[in-house]
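Chemist: just to be clear, the model below is a prediction. Sequence and coordinates:
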2 protein chains.
Amino acid sequence: MDQRVLQATAVLRRHGYKLTKPRRLLLEWFYRRGEHASAQEVFDSLCRQGQEIGLTSVYRNLEVLVKVGLVRQICFHDGCHRYEPVAPGEHHHHLICSDCGQIIKFHGCTFDRELAERLEQETGFMVNCHQLQVFGTCKFCQQESATKRRTV
Amino acid sequence: MDQRVLQATAVLRRHGYKLTKPRRLLLEWFYRRGEHASAQEVFDSLCRQGQEIGLTSVYRNLEVLVKVGLVRQICFHDGCHRYEPVAPGEHHHHLICSDCGQIIKFHGCTFDRELAERLEQETGFMVNCHQLQVFGTCKFCQQESATKRRTV
DNA sequence: ATTCTAACTGAAAATGAGTTTCAGTTAGAC
DNA sequence: GTCTAACTGAAACTCATTTTCAGTTAGAAT
């Protein structure tokens, strides 16, 4: 079994979860290809691979994987939640085109320990993680709307 | 009419939208009390006030208000979108308790023009806005889980 | 290795946020 | 005032996600 899957399995065990077939399939899927995919997309992809898994189990176990911190749930306001594997030491966020929904990953986040600590002191919260979404218009959609303005 | 509602009306007009009763009700509602409320919550609140408005119109016009930039749509992973008025010159984000869903507003965002410009250069996007969600555990839920650990 | 059982599974039904349809209404341009 | 494109609300619909339930399985206990 893939090293990452093995490590993830240990995390699951530590949280009292068994390693079942659907869980293994999800982990393998995410570590092989996973970038902000919806539950339905993961399910479809697995089915196309000929794997046997129920959609219910996909939803159920995505929830488990999020709970133990192996997967992150993100929202791009496009009608469904999306999921991606959490890679320790790796940290990125997303740039989303408000017009066409295109998503680009980017590195270089400005959220820092200083802000986290300030928040913890001011609110008593224990800060765990954060998500940053940057919205804008992609190159193509900018041209698109410029063209439209010219012809209308 | 409230100054802010008046200004908002001008924004709607500029975008080619009429000022209808549902739109006015939504604007008034948001400027009087609006903090990250769901469509259903806004609807219920307006109904309780004895206002006549359809849930469909709430959804439809929230979309319009988001489109013209008067309202922001946010996602706290709690099953529905939430909305809050955009106050020009004001800028905040949210700290969310992953356990109980409590939401705290905070100021002092570290996303800066520099990062935005870097993204624009690297991707060709035109950056418009951003959202930051910080997740953690609130004071109460920390105690809660500490207690549970002790008694179990 | 076998037994045991809580945790888990998938199919089907249910839920609920959000959207679409459609016949009637209205803001506001003329 | 007239006109009409934009708008409205109720009802029907869509579709992501959750719940239910009867059967299955991982893995701890023996």
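Modeler: Perfect, thanks for sending it.

Chemist: out of the helices and strands in chain A, which is least certain?
Modeler: helix A:139-151 (a mean of 76; mean pLDDT, DSSP states H and E).

Chemist: low-confidence ranges, chain A, go.
Modeler: A:1, A:148-152 (pLDDT under 70).

Chemist: could you list the domains of it?
Modeler: A:1-88, A:91-152 (automatic domain parsing).

Chemist: in CSV: the ones you listed, plus distance to residue B:21 and mean neighbour count.
Modeler: Heads up, the C-betas are built off the backbone N, CA and C, glycines and all. Shown next, in CSV, are those (distance: least, Cβ to Cβ, whole Å; neighbours: other Cβ atoms under 10 Å in any protein chain shown):
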stretch, distance to residue B:21, mean neighbour count
domain A:1-88, 27, 16
domain A:91-152, 28, 15
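
Chemist: can you put those domains in JSON lines and add distance to DNA strand D?
Modeler: JSON lines is the format used below for the domains of chain A (distance: least, Cβ to the nearest atom of the strand, whole Å):
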{"stretch": "domain A:1-88", "distance to DNA strand D": "4"}
{"stretch": "domain A:91-152", "distance to DNA strand D": "12"}
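
Chemist: quick one: closest of these to residue B:82.
Modeler: domain A:1-88 (10.9 Å; Cβ to Cβ).

Chemist: now check that closest one, is it near DNA strand C?
Modeler: Yes - contact between domain A:1-88 and DNA strand C, assessed by Cβ under 7 Å from any atom of the strand, occurs at A:17-18, A:20-23, A:52-57, A:60-61, A:64.

Chemist: between the residues you listed, which is nearest chain B?
Modeler: residue A:64 (14.5 Å; Cβ to the nearest Cβ).

Chemist: quick check: which element contains the closest one?
Modeler: Residue A:64 belongs to helix A:55-67 when assigned by DSSP states H and E.

Chemist: before we move on, what about residue A:18?
Modeler: Going by DSSP H and E, residue A:18 is not part of any helix or strand.

Chemist: was I right to think it contacts residue A:24?
Modeler: No - between residue A:18 and residue A:24 there is no contact under Cβ atoms under 8 Å: 10.4 Å.

Chemist: checking residue A:5 next. Helix, strand or coil?
Modeler: Counting by DSSP: H, G, I helix; E, B strand; the rest coil, the backbone at residue A:5 sits in helix.

Chemist: how close does residue A:100 sit to residue B:65?
Modeler: 22 Å (Cβ to Cβ, to the nearest Å).

Chemist: kindly apply the preceding question to residue A:10 instead.
Modeler: Distance from residue A:10 to residue B:65, by Cβ to Cβ: 48 Å.

Chemist: done for today, thanks.
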